[in-house]
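Student: Sequence first, then the predicted structure:
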Amino acid sequence: MLPLAFPRMILWIIGGLVAFWIVCAFSWLVHRLRTLQSELATNKQNQKPGESPGWETLEEVDLFLEGWKSTQVFYLQKDDKIRVTASGPKRFTVHLASDLSTKKFKSLRKTSETKSWTGTWEMNADGSYAIVIEPAGETPFWVKTRVDRKQDRFAVHVGKVNY
């Protein structure tokens, strides 16, 4: 009907409609960008100090080393990734350990002697693990220890689907 009423203006009308849709799409994108920026700012304000996005804190403890000491035991699954941070005034070794008893532990991985260490370890199998801190010398001292687990943002949970 429009082409019959305004035969010479049809291209101008179509061009105006296309321009209108482009301006609407651009306005929506700008609005969406501002909304996401405000959400990001809010999330940054609500984040606890010392917390890293994507990591879940399993334990944060100060260990007094008179001999080797361990964190609590964690059940971790294959392909879980943990980040360990340990720091103290004297040298020590950090172990990823299993089979803990009061007298010994089985070291699966360890670091070289250090005063401060942050690193990640990936689990090769399901099991119970602990972080063991072993002092290099005989003098007792405190070590700050933190254990974080990587949160899988893209985990797919498979379940029964009813159709």
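Tutor: Arrived safely, thanks for sending.

Student: for the chain, which strand is longest?
Tutor: strand 81-98 (DSSP state E).

Student: What pairs with that strand, parallel or antiparallel?
Tutor: For strand 81-98, the paired strands and their directions (DSSP bridges) are strand 106-110 (antiparallel), strand 114-122 (antiparallel), strand 127-135 (antiparallel), strand 141-150 (antiparallel).

Student: Show me the one of these that comes nearest residue 74.
Tutor: strand 127-135 (5.6 Å; Cβ to Cβ). No exception for glycine: its C-beta is placed from N, CA and C like everyone else's.

Student: could you give the mean pLDDT of the closest one?
Tutor: The average pLDDT for strand 127-135 rounds to 90.

Student: show me what contacts residue 148?
Tutor: 52, 55-58, 82-85 (Cβ atoms under 8 Å, 6 or more residues apart in numbering).

Student: just to revisit the earlier point, from the chain's centroid, how far away is the longest strand of the chain?
Tutor: 19 Å (Cα atoms, centre = their mean, to the nearest Å).

Student: Tell me both backbone torsions, phi and psi, for the residue lying closest to residue 66 once chain neighbours are set aside.
Tutor: Once flanking residues are discounted, residue 66 sits nearest to residue 140: 4.5 Å by Cβ to Cβ, 6 or more residues apart in numbering. The phi/psi pair for residue 140 (degrees, to the nearest 10) reads phi -70, psi 150.
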